[in-house]
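A.B. asks: Have a look at this prediction, sequence included:
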Amino acid sequence: MSQQKHCQSGIPTFSENHSWTVVLIVMDNLVEVDNMTFRRVDRVIYEGISLKVPKGKITAVMGPSGIGKTTLLKLIGGQLLPEEGDIRFDGESIPDMSRSKLYHTRRRMSMLFQSGALFTDMSVYDNVAFPLKEHTKLSDDVISTIVSLKLQAVGLRGAAQLMPSELSGGMARRAALARAIALDPDLIMYDEPFAGQDPISMGVLVKLIRELNDALDLTSIVVTHDVTEVLTIADYIYILADKRVIGEGTADEIRNSDSELVQQFLKGEADGPVPFHYPAESLSSSLLGGAE
Amino acid sequence: MKFFQSIGAKTLAKLSTAGRAALMLFGALVAVPKFKNVSLTIRQVYVVGVQSLLIIIVSGLFIGMVMALQGYTILVDYGAEGSLGPMVALSLLRELGPVVTALLFAGRAGSALTAEIGLMKATEQLSSMEMMAVDPLRRVVAPRFWAGMISMPMLALIFSAVGILGGHMVGVDWLGVDAGSYWSIMQSTVEWDKDVLNGVIKSLVFALVVTWIAIFKGYDSIPTSEGISKATTETVVFSSLAVLGLDFVLTALMFGIE
Amino acid sequence: MNKYKTELMVGVFVVLTIGAILLLALKVANQTMATEGDTYTLYAKFDNIGGLKERSAVKVGGVTVGRVTSISLDKEDYTPVVELSIYQQYADFPETSSVSILTSGLLGEQYVGFQPGFSFDGVANLEDGDYLQDTKSALVLEDLIGQFLFNRGSDE
């Protein structure tokens, strides 16, 4: 059965050739999630999902809130361990890494948290300088130059000496973005970058994500539920719902998808395959049952 | 059946908490000390030590004064007011210095440590540090732990010294105990290794316990406003109880019957 | 946060602590470490040691010359043996010295009163490990009262 499948898809079944194919895939994708299952206490968050994040592209992961999109990013960052399946970063399995190896690998990735997660006891400048001071032995002059450049890239060079509490939400997120790119990572993960932003800061962030991705040759993963923004910048989109990947493709493919679920999500319909009601016994039986 | 099951579940939960606390401390302390961490520790000594200084000095002064007043009214009946000096000094060095300092430290610095680390967790600062390949145990927890271990004995010594001076103020300057006998009987009674050093050892043990509880409660808190407020309360309650309980054990070991 | 100010305040903190340690070391505690340097040991057998404890003082005319280091019971004649550790600077007590167990004040602690004996030809000095022959036991209140009543009874 499986051999038939291989033949149909045109992949030779010789083992040497097969492994060669795998290497090719590894070269193309920076992050691969392979048939991964994750459960929190006894609630299943993901059941056998697989994703591929190609190098140099912006990959979006969409889905209704509350399905653990942030969890996915933490799994990729190695902060959580999957129950089954594998997550590979540049061909190496994250769950199998030793602690020091994991910390080494994390220097190549960075994550923009929803809240920005700036260190509240340091100025914006020190926040951006933090990863540089921790991981490099650069002189203060060089660090100062790099920080200025990174802040310039997000348009906050003038705010270098402000404290995080003095920044607006959008500015804090941009400052955190400057910190995230301080070490010139290969991968940057955005956790809900558009949530709670006014239209202008939203536009600024969309532009920044696209431009940084192209200018710094980054690979980006954007986790969000803001459909319109993502469709304009993402090269490839995964839609998650109900523990699974329910749709994937380029922006156009997603728009023209014939899946009811995907369409419900894109159009923002209140009811559909994703039900409006949290699972419960039917209202009439609940009320009548109470009356009896 | 259910009764035993609930006992078992609670025991397991407590054990796993203790295990996590031990792992956290271990993770924080195996760090190879770097020069950078020394300056971080000094900064934390400022936060937990220097900022507790005022409350320690004021409390020490008043406790010394009250003890002199109380002790005088009792001792004068036996004509033994000359023993006021050793009474004040011994109580402070052996008991009140380490214990009251630890209690005040738990309320002043311990709760602040818990709240700070808990909020860092709630605002994902610890998580983002981890993603920047910086171990928060070494960067955040370790300097605070060492700062507590350094600050507490220093505060306890200052507390005792100020208390003895406060006792002098009330006993000698106000109630008219002879200054010579206040100091000389104190000197002949108080022993450096037995009283002063044992007090410092007590203080170190309390520092370990209070700082450990404070840091762990913050690090292990549920990252919501409710969770942090609960963790802060628990820090003060647990560390105060631990200090008082341990004080009894330590006193029995150090000064107990031979 | 100003780094200079932080370091300055921590410096003040350290200085305050050193001040506290100096006060405790010089004015509050007696430096037993310094005086305990060199000692030699004497033994004394008493019939009754009363409330004498380890670390009680050994005094000559009110001057502390040593401490009690241990108290034990002689296995053969079941009398208490007190080990006295005397500071080396107070060596050369003659063999005729006597010790008694005294009480400081009415309610005070008990200590060992050391009475140096007369020194004349043929009397050697006490040396490390020697036993003091002339000892007076502690006064026990019950014995005193009993003696007093007995004397009254015999007078009549």
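C.D. replies: Arrived safely, thanks for sending. Computed from a predicted structure; not experimentally measured.

A.B. asks: Who does the longest strand anywhere in chain C pair with, and is each partner parallel or antiparallel?
C.D. replies: If each strand of chain C is counted by residues according to DSSP state E, the longest one is strand C:63-73. Each strand paired with strand C:63-73, and its direction, by DSSP bridges: strand C:57-60 (antiparallel), strand C:80-87 (antiparallel).

A.B. asks: And the helices in the stretch 51-200 of chain B?
C.D. replies: B:53-75, B:84-90, B:97-105, B:111-122, B:125-131, B:136, B:142-168, B:179-189, B:198-219 (DSSP state H, counting those that start in this stretch).

A.B. asks: Mean pLDDT, mean neighbour count and distance to residue A:78 added to those, as TSV?
C.D. replies: All C-beta spots, glycine's among them, are computed from the backbone N, C-alpha and C. Listed next are the helices of the stretch 51-200 of chain B as TSV, based on pLDDT from 0 to 100; neighbours: other C-beta atoms under 10 Å in any protein chain shown; distance: least, C-beta to C-beta, whole Å:
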stretch	mean pLDDT	mean neighbour count	distance to residue A:78
helix B:53-75	94	19	42
helix B:84-90	90	27	55
helix B:97-105	95	26	37
helix B:111-122	92	22	18
helix B:125-131	87	24	9
helix B:136	86	21	14
helix B:142-168	93	26	21
helix B:179-189	80	17	60
helix B:198-219	94	24	19
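
A.B. asks: Which of those helices sits closest to chain C?
C.D. replies: Ranking the helices of the stretch 51-200 of chain B by their distance to chain C (criterion: C-beta to the nearest C-beta) puts helix B:142-168 first, at 3.7 Å.

A.B. asks: how about the residue of the stretch 151-258 of chain B at minimum distance from chain A, phi and psi?
C.D. replies: Chain A sits closest to residue B:223 of the stretch 151-258 of chain B, with a gap of 11.0 Å, by C-beta to the nearest C-beta. Dihedral pair for residue B:223: phi -80, psi 60, per degrees, to the nearest 10.

A.B. asks: Give me the neighbour count for residue B:93.
C.D. replies: The local packing of residue B:93 (other C-beta atoms under 10 Å in any protein chain shown) involves 31 other residues.

A.B. asks: If you rank every helix and strand of chain C by mean pLDDT, what lands last?
C.D. replies: helix C:32-35 (a mean of 46; mean pLDDT, DSSP states H and E).

A.B. asks: who in the stretch 101-250 of chain B is up against chain C?
C.D. replies: Selection of the stretch 101-250 of chain B residues close to chain C by C-beta under 8 Å from any C-beta of the partner chain yields B:151, B:154, B:157-158, B:160-162, B:164-165, B:183, B:186-193, B:195-196.

A.B. asks: swap that for the stretch 101-250 of chain A, please
C.D. replies: residue A:121.

A.B. asks: pLDDT score assigned to residue 105?
C.D. replies: Because you didn't say which chain, this covers chain A. The predicted local distance difference test score for residue A:105 is 86.

A.B. asks: Wait, chain C was what I had in mind.
C.D. replies: Here the pLDDT value assigned to residue C:105 is 67.

A.B. asks: Repeat that for the one 5 residues further on.
C.D. replies: According to the predicted model, the pLDDT of residue C:110 comes to 79.

A.B. asks: Helices along the stretch 151-292 of chain A, start to end?
C.D. replies: For the stretch 151-292 of chain A, the helices identified by DSSP H, counting those that start in this stretch occupy A:169-180, A:199-215, A:227-233, A:251-255, A:260-267, A:283-291, in order along the chain.

A.B. asks: how far away is residue A:74 from chain C?
C.D. replies: Using C-beta to the nearest C-beta, to the nearest Å, residue A:74 is found at 31 Å from chain C.

A.B. asks: Buried ones in the host helix or strand of residue A:149, by neighbour count?
C.D. replies: Here residue A:149 sits within helix A:140-153, counting by DSSP states H and E. By neighbour count, with 16 or more other C-beta atoms under 10 Å in any protein chain shown as the criterion, the buried positions of helix A:140-153 are A:143, A:146, A:147, A:150, A:151, A:153.

A.B. asks: before we move on, what about stretch A:108-121?
C.D. replies: In terms of neighbour count (16+ other C-beta under 10 Å), stretch A:108-121 has its buried residues at A:109, A:110, A:111, A:112, A:113, A:114, A:115, A:116, A:117, A:118, A:119.

A.B. asks: Contacts only, for the closest residue to residue B:216 other than its chain neighbours.
C.D. replies: Once flanking residues are discounted, residue B:216 sits nearest to residue B:21: 4.5 Å by C-beta to C-beta, 6 or more residues apart in numbering or on different chains. By C-beta atoms under 8 Å, 6 or more residues apart in numbering or on different chains, the contact set of residue B:21 is B:212, B:216, B:220.

A.B. asks: that older thread, neighbours around the residue of the stretch 151-258 of chain B closest to chain A, how many?
C.D. replies: When neighbours are counted by other C-beta under 10 Å, residue B:223 registers 16.
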